[in-house]
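Peer 1: The sequence isn't on hand, but the structure is:
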C-alpha cells in the first residue's frame, strides 16, 4: 500500500478545493492500482494559515510510491491555486500501509488537529520517516499532508461525506440546486445523515457559497446513507462525485483542560460556573464570563450562531457548565455547552408576613421593614426561579457548525441532548 497526503491547494478568493484535487489524483492512480479509500482530515480550526475548512487529504492506494508521487505532483502543479500567494501546496508519499505509520507520525497527526506545527518540523519528520515530500511556495502544505498520512493510525472515530462536484465550466457561477429537494432528502436521511440543512434558518447548509468546484457535500454516519441522500437532490449536472472517510463531526479538535490552562488558537472542553450576566453587545454578539476558582475566561456566542444566542442569554450567574470551543484573543467561541447545574432560586425583596405588602430597605446593612406595619426582617427572601433551560447539552445550529464539531444528534454525550436541526 501507498499513502498519498495532500494539502493547501485552494484559495479563499480564487476557489479550488483540495478534496477535488484528491479526487482527480485518485482517478489517475486507479490506472496503476486499486484505490482503497480517500481520507478527509479536518485539522485544527484555530490555526492562522488556513482556508475555512482547514482540510488535508490522504489517498490510500495499491500502487508503488514512485508512481503515486509523480501522479500527485502533476495534479498539484496543474490544479493548485498558486496565483494566490497564501496557497502553498504540499505533498507527502509514504510507502506503507495506512495503519503502519510510525509513532512519531501518528503523534504529529493528533497534534495537527489540536495544536500547531512548524514547516521545519514537518520537513524534518518527513526525512526521518523516509517519506517523499514536495511543496510549492514555502511548502506549508507539507504540514497537513504529513498529518493526513498519519491520521488513519492516529484516530479511531470516522464518519462519511459524499461530495458532488460541478462541471468546471460552471465554477464561479451561481449553483443550480433545487432547495425543496434538499430539504426532502435531509428529512429522508435524518438522523443518520446530519447537517444537510438548517431548518431554523431555512438554509441548505450542504451547498457552499464559495467559488470552488463543490456542488454539495452530504455528511453522516453511514456511507450508503449519504450516497442515497445525495441521489435525491435535484440540481445541475454532477461532473464527478466521491465518498470520503472523515473525522468531521467527531470533536477530535477538543482537548480537556482546566480553565486556568487554556491558550489561544486551540479548542477546549472546560468546566466552570457562570460568573457574569450574559451581555448582548454591538453586532448581536453575546458574552459572559466563566470562572473556576481564581481562573476566569470570557465566552462568546457570536451573531452567526443565530438562535443559539438565546440559549446563552438564558444563563444565570452561578449556573455550572461544561463549555466547548476555540479560544482566540482570550475568548472561548462557543460551539456547544452542557448545563450541569442550574440556579433554581433567587434572592428577592421580602413580603411583609402580616399585611402582604412588599417591604422596603431600612438603610444600608439594616435589613428591610414594612412601612405600614413596622415589621422588620434582616435579609432578602428566597424565591423559586423559572428557567428556560434544562440540564444537558445545547449546540450551535447547523449553519454555524464547524466541520469537525460533533452534532448532538450523533449521540455519545454524557448528559441529555437538545439537538438543533
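Peer 2: Structure's in. What do you need? Not measured: the values here are computed from a predicted model.
Peer 1: Would you mind giving the domain segments of this protein?
Peer 2: When the chain is parsed with automatic domain parsing, its domains come out as 2-154, 159-246, 254-344+386-418, 345-384.
Peer 1: Take those and write them to JSON lines, including mean pLDDT and mean neighbour count.
Peer 2: Every residue, glycine included, has its C-beta placed from N, CA and C. Output for the domains of the chain, formatted as JSON lines (pLDDT from 0 to 100; neighbours: other C-beta atoms under 10 Å):
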{"stretch": "domain 2-154", "mean pLDDT": "90", "mean neighbour count": "21"}
{"stretch": "domain 159-246", "mean pLDDT": "96", "mean neighbour count": "19"}
{"stretch": "domain 254-344+386-418", "mean pLDDT": "97", "mean neighbour count": "18"}
{"stretch": "domain 345-384", "mean pLDDT": "84", "mean neighbour count": "13"}
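Peer 1: what's in contact with stretch 296-310?
Peer 2: With C-beta atoms under 8 Å, 6 or more residues apart in numbering as the contact definition, stretch 296-310 has outside contacts at 200-201, 259, 262, 270, 272, 275, 280, 283-291, 311-312, 323, 325, 327, 330-334, 394-397, 399-400, 420.
Peer 1: quick one: which of the residues you listed sit in helices?
Peer 2: Members of these lying in helices (criterion: DSSP state H): 311, 312.
Peer 1: Now do the end-to-end distance for stretch 195-212.
Peer 2: For stretch 195-212, the first-to-last residue distance is 20 Å (C-alpha to C-alpha, to the nearest Å).
Peer 1: residues in contact with residue 155?
Peer 2: When contacts are counted by C-beta under 8 Å, 6+ apart, residue 155 touches 109, 110, 113, 247, 250, 252.
Peer 1: one more time with 6 Å
Peer 2: The contact partners of residue 155, taken as C-beta atoms under 6 Å, 6 or more residues apart in numbering, are residue 247.
Peer 1: And for the one 4 residues further on?
Peer 2: Residue 159 makes contacts with 221, 246, 248, 249, as judged by C-beta under 6 Å, 6+ apart.
Peer 1: any idea how far it is from residue 399?
Peer 2: Distance, residue 159 to residue 399, using C-beta to C-beta, to the nearest Å: 19 Å.
Peer 1: What lies in contact with stretch 172-186?
Peer 2: Applying C-beta under 6 Å, 6+ apart, the contact partners of stretch 172-186 are 196, 197, 204, 207, 211, 229, 232, 233, 234, 235, 236.
Peer 1: which residue sits closest to the last one, ignoring its sequence neighbours?
Peer 2: Taking C-beta to C-beta, 6 or more residues apart in numbering as the measure, residue 236 lies nearest to residue 176, with 4.0 Å between them; neighbours along the chain are not counted.
Peer 1: ditto for the second one
Peer 2: Counting by C-beta to C-beta, 6+ apart, residue 186 is the residue found nearest to residue 197 once chain neighbours are left out, at 4.4 Å.
Peer 1: quick revisit: which ones among the contacts of residue 159 map onto strands?
Peer 2: Using DSSP state E, the members of those that fall within strands are residue 246.
Peer 1: Please enumerate the helices of the protein.
Peer 2: Using DSSP H, helices in the chain cover 18-29, 65-79, 103-114, 119-129, 141-154, 179-189, 223-232, 308-313.
Peer 1: export those helices to TSV and tack on distance to residue 340?
Peer 2: TSV is the format used below for the helices of the chain (distance: least, C-beta to C-beta, whole Å):
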stretch	distance to residue 340
helix 18-29	38
helix 65-79	48
helix 103-114	24
helix 119-129	38
helix 141-154	31
helix 179-189	32
helix 223-232	33
helix 308-313	15
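Peer 1: Quick one: closest of those to residue 353.
Peer 2: helix 308-313 (35.0 Å; C-beta to C-beta).
Peer 1: just checking, what's the longest strand in the chain?
Peer 2: Per DSSP E, the chain has its longest strand at strand 331-341.
Peer 1: can you list contacts of that one?
Peer 2: Contacts for strand 331-341 (C-beta under 6 Å, 6+ apart): 297-301, 320-326, 389, 391, 393-396, 405, 415.
Peer 1: How about stretch 141-152?
Peer 2: 3, 5-8, 41, 43, 56-58, 88-92, 94, 98, 101, 105-106, 108-109, 112, 117, 122, 126, 133, 135.
Peer 1: From the residues you listed, which land in strands?
Peer 2: Counting by DSSP E, the part of the contacts of stretch 141-152 found in strands is 3, 5-7, 41, 56-58, 90-92, 94, 133, 135.
Peer 1: now, which of these sits nearest residue 191?
Peer 2: residue 41 (24.0 Å).
Peer 1: so the closest one touches residue 57, yeah?
Peer 2: No - counting by C-beta atoms under 6 Å, residue 41 sits too far from residue 57 to count as a contact (7.2 Å).
Peer 1: With adjacent residues omitted, what lies nearest to residue 38?
Peer 2: Once flanking residues are discounted, residue 38 sits nearest to residue 244: 5.0 Å by C-beta to C-beta, 6+ apart.
Peer 1: who touches the closest residue to residue 39 other than its chain neighbours in this structure?
Peer 2: Once flanking residues are discounted, residue 39 sits nearest to residue 58: 4.0 Å by C-beta to C-beta, 6+ apart. Residues in contact with residue 58, defined by C-beta under 6 Å, 6+ apart, are 3, 5, 39, 148.
Peer 1: Tell me how far the nearest residue to residue 76 once chain neighbours are set aside lies from residue 33.
Peer 2: In this structure, residue 76 finds its nearest non-sequential neighbour in residue 89, 4.7 Å apart by C-beta to C-beta, 6+ apart. Note on residue 89: its distance to residue 33, by C-beta to C-beta, is 24 Å.
Peer 1: Same check on residue 365?
Peer 2: 83 Å.
Peer 1: just residue 122 next, same as before
Peer 2: Separation of residue 122 from residue 33 (C-beta to C-beta): 27 Å.
Peer 1: Over to residue 299?
Peer 2: Taking C-beta to C-beta, one finds residue 299 at 50 Å from residue 33.
Peer 1: do the same with residue 66
Peer 2: Taking C-beta to C-beta, one finds residue 66 at 12 Å from residue 33.
Peer 1: One more: residue 220?
Peer 2: 29 Å.
Peer 1: now swap in residue 77 and tell me
Peer 2: Computed as C-beta to C-beta, the residue 77 to residue 33 distance reads 22 Å.
Peer 1: Ok, residue 39 next?
Peer 2: According to C-beta to C-beta, residue 39 and residue 33 sit 17 Å apart.
Peer 1: and if you look at residue 48?
Peer 2: Distance of residue 48 to residue 33, computed by C-beta to C-beta: 38 Å.
Peer 1: where does residue 101 fall, phi/psi-wise?
Peer 2: Main-chain dihedrals, residue 101, degrees, to the nearest 10: phi -60, psi 140.
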